[in-house]
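Participant: Okay, structure incoming, though there's no sequence with it:
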Ligand SMILES: Nc1ncnc2c1ncn2[C@@H]1O[C@H](COP(=O)(O)OP(=O)(O)OP(=O)(O)O)[C@@H](O)[C@H]1O
């Protein structure tokens, strides 16, 4: 029997005499069944008293295989031989974190803050790991090495490494792998798995094992180890995978560590055990140690505290991270075993750091909650939640020339999901946690689903795979901003001085037909610190951004162009191209250069839009060529998420220009801003705020904070090129103090007529430019089928009157309603969040709600602003008039629509 629930009391460990001699015990009291049952006391024996040392009331605890006995008429509970005690099981600890914690608890923390830097050992290590995977998949060594090195061309180039030298070193490391693989211990029946994703719901651990052989974990280390035994922390890492396998009922008693550097050493110079492969036995003691270590991390993270180094038995004396550790401790005023150096950053910066550190850790927990849904929700619930595509029928798997696999399956229904082509997802045989699952990249997502994976798996289910990568990069951005940011920059960020402006634009006219846009370009050119461009819907943000970049490059600046989404990055590049950027850049650089010589787009092949692939910087190729392409480009474009990558973190710019800044969290914006001396943020804080799961400081963008604090450093673009006068009126009045106006008479007067539509052919209720239709439906869960029928009728009526299906878009508040409507029409149907940044001639909005106004559309008026400002010539609102009229804001909307 397992007992699990919140702790209500934690006793101190003490020693008692038993018939087996002196033993330690600690009593803890918990409320089983998630806190709903009466409290019970469990005696933790022996080493499990360690859990009591770290736990505190309020934490969740799980005791597995509890011994239950009757004593004087009462049931007593205690840990038994098979028991494990898990503190905060919902907190998922990564196996690599357990390993670094064993080395030193501060190391664990520092790794979190500074991420994985771009350095040669890291890149070489990655290549060796990839070659290892290839060898397991039966690939030829030389072709694998050549290809893997080529794939890392950009990183190697930035590190100033030559292909030959790296190939040589990798080959010598790979000799260890090859030798070991051909030792004869392997037979055809040997089961191999490479890069295996493992999650343990019971122990709260996740990770990716380098390989499993006959069910035993094999870990590859690119360092050397001349002792007979593996290093302790390495053993712990392999043992953690063994523990997860143990949970799945796979008995694991050995692990293997492969120290590849051992084969590169010269026997005459080194003494000791040079054999690379070191097996060791994994007994129960080691598994328990893994759980106890993991518990220490989970307990420390419970109240988001910062480790001091005293938590583990580390010796600072020999630590290669000692200086970094002392600097971080010194600057953030943290207690640390290594000591502190340097002066602390000012109090307000530390408070800021702490606040955002905490907020990001809360976000991490939300990611863990997403993981938990993988096993807590039934497949059907997950599908209903749009988090999985289930019931797939495998159509086959095909091995690719590079040893990876292409899996195909047939969809058996028309359900929608959050998954998109290009996403990384979890492909499984139907059981993503306890069955066989592989990380997959989605290639095609239509009637037929196509994914690529490392190993074949019968593709029955595809799940959204929650990732902590984003949280990790945001933490790093926070760290870089506070600890590495220039004092002048921080004075502005922390409101110690106002942003300053020079007069570089000196009366120049950049845009002659739009005063606010022209002023915005000047402001950006003149900004010594920051300029803020506030762009309501359709006001030419993208156009202004392109003009600004040209002006900045003409002045000799190197510019980073960034945005929250790939789409916005590519739109800005498109505008830059349309404005003939080649010519303007020619003025600053010798000779005629093409767009592709001036602009480098950093991003994945699936992320970058097709028409910008010609300027995409491949990561793969000749190191020197790639590195100089990136270094020398006057304009580098990448999403803010890629600005946190180890390649981009090494780049520096004069100016960072960030679009969609109002949709970014502060650390998300900082990821781009950190890379430049000055920055320009473009956004609209009256549209969608940052998308975050937790409710905390991350919900307010840096754009909003700065524009509220420094309106003088901002310009609002006030002429819009999208909507007719009638359509824009409500948004202008409600969100922009009536300041938003059509840019030209043509924009104001545009009409369905311009599309060749005779409004006489439309039902009277749709004849106006803004209309309201009440279908009198009922909300059922997150759908309203009657309303969906009516939306489809409305769409059909526009089509019958001559509007092209491509010119119509439907917006609904819930994905379930999106699916409901999609079943009834072929036009684009999506949620507000997915519509931000785009527009259509005709927009139909489905409100779903009847009775009460609840749902994402209503919670935040900014969503409505987005929904109502997507339409150019006609907007039809479909909803329940009584429900809408119950709220003053929606009542005003209703009156405007019915006018
Ligand atoms: N000064 C201008 N002169 C002429 N056309 C312009 C001007 N500014 C913008 N436009 C045109 O107006 C349209 C909308 O501009 P743009 O796409 O830059 O808007 P946006 O603010 O980025 O839109 P969104 O709200 O979707 O982000 C485009 O077709 C653009 O070419």
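Facilitator: Nice, thanks for sending it over. Worth saying up front: this structure is predicted, and the values here are computed from it rather than measured.
Participant: Contact distance from the ligand - what residues of the stretch 451-600 of the chain qualify?
Facilitator: Residues of the stretch 451-600 of the chain lying near the ligand by C-beta under 6 Å from any ligand atom: 511, 513-514, 517, 535, 537-543. (Glycine included, C-beta is placed from N, CA and C.)
Participant: Over to the stretch 251-400 of the chain?
Facilitator: Neighbours of the ligand within the stretch 251-400 of the chain, by C-beta under 6 Å from any ligand atom: none found.
Participant: what pLDDT does the residue in the stretch 251-400 of the chain that the ligand sits nearest to get?
Facilitator: Going by C-beta to the nearest ligand atom, the ligand is nearest to residue 386 of the stretch 251-400 of the chain, at 25.2 Å. At residue 386, the predicted lDDT confidence score is 85.
Participant: Check whether it really touches residue 377, as I assumed.
Facilitator: No: using C-beta atoms under 8 Å as the test, residue 386 is too far from residue 377 to be in contact (11.7 Å).
Participant: Make sure I have this right: residue 456 is in a helix.
Facilitator: No: with DSSP: H, G, I helix; E, B strand; the rest coil as the criterion, residue 456 is coil rather than part of a helix.
Participant: quick one: contacts for it?
Facilitator: By C-beta atoms under 8 Å, 6 or more residues apart in numbering, the contact set of residue 456 is 397, 399, 405, 407.
Participant: could you redo the last one with a cut-off of 6 Å?
Facilitator: Shown in contact with residue 456 (C-beta atoms under 6 Å, 6 or more residues apart in numbering): 397, 405.
Participant: and what of residue 699?
Facilitator: With contact taken as C-beta under 6 Å, 6+ apart, residue 699 is in contact with 689, 692.
Participant: if I look at it, how far off is the ligand?
Facilitator: Distance, residue 699 to the ligand, using C-beta to the nearest ligand atom, to the nearest Å: 21 Å.
Participant: Offset the numbering so it begins at 774, please.
Facilitator: Yep, numbering from 774; the last one is residue 1472 now.
Participant: The residue in the stretch 1174-1323 of the chain that the ligand sits nearest to: neighbouring residues, count only.
Facilitator: The nearest approach of the stretch 1174-1323 of the chain to the ligand comes at residue 1313, 2.8 Å away (C-beta to the nearest ligand atom). Counted with other C-beta atoms under 10 Å, the neighbours of residue 1313 add up to 22.
Participant: And for residue 1549?
Facilitator: 11.
Participant: any idea how far the ligand is from it?
Facilitator: Relative to the ligand, and taking C-beta to the nearest ligand atom, residue 1549 is found at 34 Å.
Participant: And that residue, its phi and psi?
Facilitator: phi 60, psi 50 (degrees, to the nearest 10).
Participant: any idea which helix or strand of this protein has the worst average confidence?
Facilitator: In the chain, no helix or strand scores lower on mean pLDDT, DSSP states H and E than helix 1354-1361, which sits at a mean of 58.
Participant: and stretch 1519-1537, how far apart are its ends?
Facilitator: Using C-alpha to C-alpha, to the nearest Å, one end of stretch 1519-1537 lies 25 Å from the other.
Participant: what residue ranges in the stretch 1374-1523 of the chain score low on pLDDT?
Facilitator: Nowhere does the stretch 1374-1523 of the chain drop to pLDDT under 70.
Participant: all helices in the stretch 1524-1672 of the chain, in order from the N-terminus.
Facilitator: Secondary structure of the stretch 1524-1672 of the chain (DSSP state H, counting those that start in this stretch): helices located at 1558-1573, 1588-1595, 1605-1608, 1629-1632, 1634-1641, 1654-1658, 1661-1671.
Participant: Remind me what the third one packs against, helices and strands.
Facilitator: When contacts are defined as 3 or more C-beta pairs under 6 Å, 6 or more residues apart in numbering; DSSP states H and E, helix 1605-1608 packs onto helix 1634-1641.
Participant: any chance of the helices of the stretch 1524-1672 of the chain in JSON lines, plus mean neighbour count?
Facilitator: Converted to JSON lines, the helices of the stretch 1524-1672 of the chain look like this (neighbours: other C-beta atoms under 10 Å):
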{"stretch": "helix 1558-1573", "mean neighbour count": "20"}
{"stretch": "helix 1588-1595", "mean neighbour count": "24"}
{"stretch": "helix 1605-1608", "mean neighbour count": "19"}
{"stretch": "helix 1629-1632", "mean neighbour count": "17"}
{"stretch": "helix 1634-1641", "mean neighbour count": "22"}
{"stretch": "helix 1654-1658", "mean neighbour count": "17"}
{"stretch": "helix 1661-1671", "mean neighbour count": "16"}
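Participant: coming back round to it: pull out the buried members of the residues of the stretch 1224-1373 of the chain next to the ligand.
Facilitator: Burial by neighbour count, judged by 16 or more other C-beta atoms under 10 Å, picks out 1284, 1287, 1290, 1308, 1310-1316 from these.
Participant: From the ligand, how far off is the spatially closest residue to residue 1025 that is not a sequence neighbour?
Facilitator: Nearest non-adjacent residue to residue 1025, counting by C-beta to C-beta, 6 or more residues apart in numbering: residue 1015, 4.0 Å away. Plainly put, residue 1015 is 52 Å away from the ligand if you go by C-beta to the nearest ligand atom.
Participant: ok, residue 1015 - contacts?
Facilitator: Counted by C-beta under 6 Å, 6+ apart, residue 1015 has contacts 990, 1025, 1055.
Participant: Most neighbours of all these, which one?
Facilitator: Busiest of the contacts of residue 1015 [other C-beta under 10 Å] is residue 990, holding 29 neighbours.
Participant: Specify the local secondary structure of it.
Facilitator: When classified by three-state DSSP, residue 990 comes out as strand.
Participant: thinking again about what came up before, Three-state assignment for the residue nearest to residue 1025, please.
Facilitator: Residue 1015 ends up helix, using three-state DSSP.
Participant: Run through the strands of the stretch 1224-1373 of the chain in chain order.
Facilitator: Along the stretch 1224-1373 of the chain, counting by DSSP state E, counting those that start in this stretch, strands occupy 1234-1237, 1303-1307, 1332-1336, 1372-1374.
Participant: Tell me which of those sits nearest to residue 1064.
Facilitator: Across the strands of the stretch 1224-1373 of the chain, residue 1064 has its closest neighbour in strand 1234-1237 (26.5 Å, C-beta to C-beta).
Participant: for residue 1217, phi and psi?
Facilitator: Note on residue 1217: backbone dihedrals following degrees, to the nearest 10 are phi -140, psi 140.
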